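Sequence plus the predicted model coming up.
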Amino acid sequence: MRVLGIETTCDETAAAVVRLLPQGGGEILSSEILSQAARHAPYGGVVPEIASRAHVAALDRLVARALGRAGVSLADLDAVAAAAGPGLVGGVIVGLTAGKALALAAGKPFVAVNHLEAHALTPRLTDNLAFPYLLLLASGGHTQIVLVRGVGDHRRLGGTLDDAMGEAFDKTAKMLGLPYPGGPEIERRAAQGDPARFKLPRPMLGRPDANFSFSGLKTAVRQAIDALGTPSERDIADLCAGLQAAIVDVVVDRMRTALRQFRDGEGVPHAIVAAGGVAANGALRRALGRFAAEAGLGFVTPPPALCTDNGAMIAWAGIERRRLGAVDPLDFPPRARWPLDAGAPPLNGRA
Ligand code: KG4
Ligand code: ZN
């Protein structure tokens, strides 16, 4: 089975072709990604209007290149998949409409993919991981701990009460005058810094639920910056190291709490998994790897390029749904919100 995947929910325009391997798992035949980060950088965050226009300008070319690099034509595909949300709806419409049009023109089934589920299923593309697993999904738009039981079968164990984890990185970077996106830059600076110099809080540590909150941490960083006046390079490195260490501590504590809930309710997961853009963070990966080892579990995390937004994860989620027989109608709506676990109560309006 070969599927074309299209991703336009945020500030990456992406198209990829993925093939299902006979033994399970996938082979990425091509993966084209055009990051718009440079266009949004002057604003310190993604500007929806700019994002939509940039998707329109780039998508046709990226799809043609993805097909070309994979050595396939539309006729060789088994389905066309596009992310239908959640995300910036103007961008979602671009990729969703393109995917539907290609499917219609080629006479192939169309599959609408939940962007969050695509992140959640990526370890099955890369590592053929069996269900169930305990997933930390952390990106610029979402932060949740999810029990992944099957395709379309997810239970949210924790979420964020305010900012997403990626936003905590991005907003801190902005306060420090560092470029967008903030996560990779903070990680680079943190490598030179002293994580113990600034005493930053660990919000939610020890709470019986597995939720997150980052606003107190953001305020503490703001106060530290104000007290410094104009931070030096050393101050910036130390603040970056302090922020990263605080977030890593919180993540491990929240995952420990979620694992306890999992073990009480559902038995033993096959692995601990981290996905989403923030999972590209090396310190976070190492800490979660240690935590999983202590718990006697495997740790799986896709390579950084498959943690941040990409088309291969959309193609793979399309394969997963398609092989269960799924096909979506051509009037499938774009969704700004599309929670993975529809039964879970909203946490301060965030899925
Ligand atoms: O999954 P993604 O590419 O897009 C969304 O769906 O949001 O995630 C982007 C987010 C940004 O907030 C970015 O700062 C963060 O992931 N990020 C990182 C790192 N690389 C990307 N955060 C911390 N450390 C990193 N190395
Ligand atoms: Zn994402």
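Arrived safely. The structure displayed is predicted, hence computed values, not measured ones. Numbers count the residues shown, from 1 in each chain. Ligands and ions are numbered 1, 2, ... in the order given.

In stretch 246-260, which residues are buried?
Neighbour-count burial for stretch 246-260 flags 246-248, 250-255, 257-259 (criterion: 16 or more other Cβ atoms under 10 Å). (Glycine included, C-beta is placed from N, CA and C.)

hmm, I was thinking of stretch 271-289
For stretch 271-289, the neighbour count (16+ other Cβ under 10 Å) marks 271-281, 283-285, 287-289 as buried.

Quick check: helices, which of these are part of them?
Secondary structure from DSSP state H places 283-285, 287-289 of the buried residues of stretch 271-289 in helices.

which one of these sits closest to Y133?
L288 (12.5 Å; Cβ to Cβ).

Give me the nearest residue to R149, chain neighbours excluded.
P132 (4.7 Å; Cβ to Cβ, 6 or more residues apart in numbering).

Could you check how many residues crowd around whatever residue of the stretch 101-250 of the chain ends up closest to ligand 2?
Residue nearest to ligand 2 within the stretch 101-250 of the chain (Cβ to the ion): S139, separated by 4.2 Å. Here the count is done by other Cβ atoms under 10 Å, and S139 has 25 residues near it.

Quick check: phi and psi on the residue nearest to it when sequence neighbours are not counted?
Nearest non-adjacent residue to S139, counting by Cβ to Cβ, 6+ apart: G276, 3.6 Å away. Recorded main-chain torsions at G276 are phi 90, psi 160, according to degrees, to the nearest 10.

and what of the one 5 residues further on?
Backbone geometry at N281, expressed as degrees, to the nearest 10, gives phi -70, psi 120.

Could you list which residues are in contact with it?
183, 187, 244 (Cβ atoms under 8 Å, 6 or more residues apart in numbering).

If you drop the residues flanking it in sequence, what lies closest to A66?
A66's closest residue in space is A15 (Cβ to Cβ, 6+ apart), at 4.0 Å.

that's a helix at that neighbour, yeah?
No - under DSSP: H, G, I helix; E, B strand; the rest coil, A15 sits outside any helix and is assigned strand.

Let's see the pLDDT reported for it.
The model reports A15 with a pLDDT of 98.

Show residues contacting the lowest-mean-pLDDT helix or strand in the chain.
Sorting the helices and strands of the chain by mean pLDDT, DSSP states H and E puts helix 37-40 at the bottom, at a mean of 89. The contact list for helix 37-40, computed with Cβ under 8 Å, 6+ apart, reads 11, 46-47, 50-51, 54, 180-181.

buried set for that helix?
Buried residues in helix 37-40 (16+ other Cβ under 10 Å): H40.

which secondary structure elements does the helix or strand following that helix contact?
Toward the C-terminal end, the helix or strand that comes next after helix 37-40 (DSSP states H and E) is helix 48-70. Counting contacts by 3 or more Cβ pairs under 8 Å, 6 or more residues apart in numbering; DSSP states H and E, helix 48-70 packs against strand 2-7, strand 12-20, strand 26-35, helix 37-40, helix 89-106.

now for the ones you listed, which one comes closest to D78?
That would be strand 2-7 among these, by Cβ to Cβ, at 5.5 Å.

The closest one close to ligand 1?
No - Strand 2-7 stays clear of ligand 1 (Cβ under 6 Å from any ligand atom), getting no nearer than 9.4 Å.

how about the residues of the stretch 201-350 of the chain near ligand 1?
Taking Cβ under 6 Å from any ligand atom as the contact definition, the stretch 201-350 of the chain meets ligand 1 at 276-278, 280-281, 308-309.

what's the answer for the stretch 51-200 of the chain, then?
Counting by Cβ under 6 Å from any ligand atom, the stretch 51-200 of the chain sits next to ligand 1 at 139-141, 166, 169-170, 181-184, 187.

who wins for neighbours among these?
Neighbour count (other Cβ under 10 Å) singles out F169 as the most crowded of those, with 29 neighbours.

Using the three-state scheme, assign it.
Assignment for F169 (three-state DSSP): helix.

How confident was the prediction at the residue of the stretch 101-250 of the chain closest to ligand 2?
91.

thinking again about what came up before, so the residue nearest to S139 sits against L306, correct?
No - look at G276 against L306 with Cβ atoms under 8 Å: they stay out of range, at 10.5 Å.

Just give the number of residues close to E266.
Using other Cβ under 10 Å, E266 is surrounded by 14 other residues.

Begin at 8 from now on, thanks
From this message on, residue numbering opens at 8, which makes the last subject E273.

Check what pLDDT it gets.
Listed pLDDT for E273 reads 74.

what's the answer for Y187, then?
Reported pLDDT for Y187: 86.

Not counting its neighbours along the chain, what's nearest it?
Nearest to Y187 is A48, by Cβ to Cβ, 6+ apart, at 4.8 Å.

A127 contacts E327, doesn't it?
No - the criterion here is Cβ under 8 Å, and A127 misses it with E327 at 10.1 Å.

Pull up the overlap in contacts between these two.
In contact with both A127 and E327: no residue, using Cβ under 8 Å, 6+ apart.

bridging residues for L144?
The partner list for L144 in beta bridges (DSSP bridges) reads Q151, A282.

winner for burial among the helices and strands packed on helix 55-77?
strand 9-14 (a mean of 29; mean count of other Cβ atoms under 10 Å).

Please work out which residue of the stretch 258-358 of the chain is closest to ligand 1.
Scanning the stretch 258-358 of the chain for the residue nearest ligand 1 gives G284, at 2.0 Å (criterion: Cβ to the nearest ligand atom).

Alright, that wraps it up for me.
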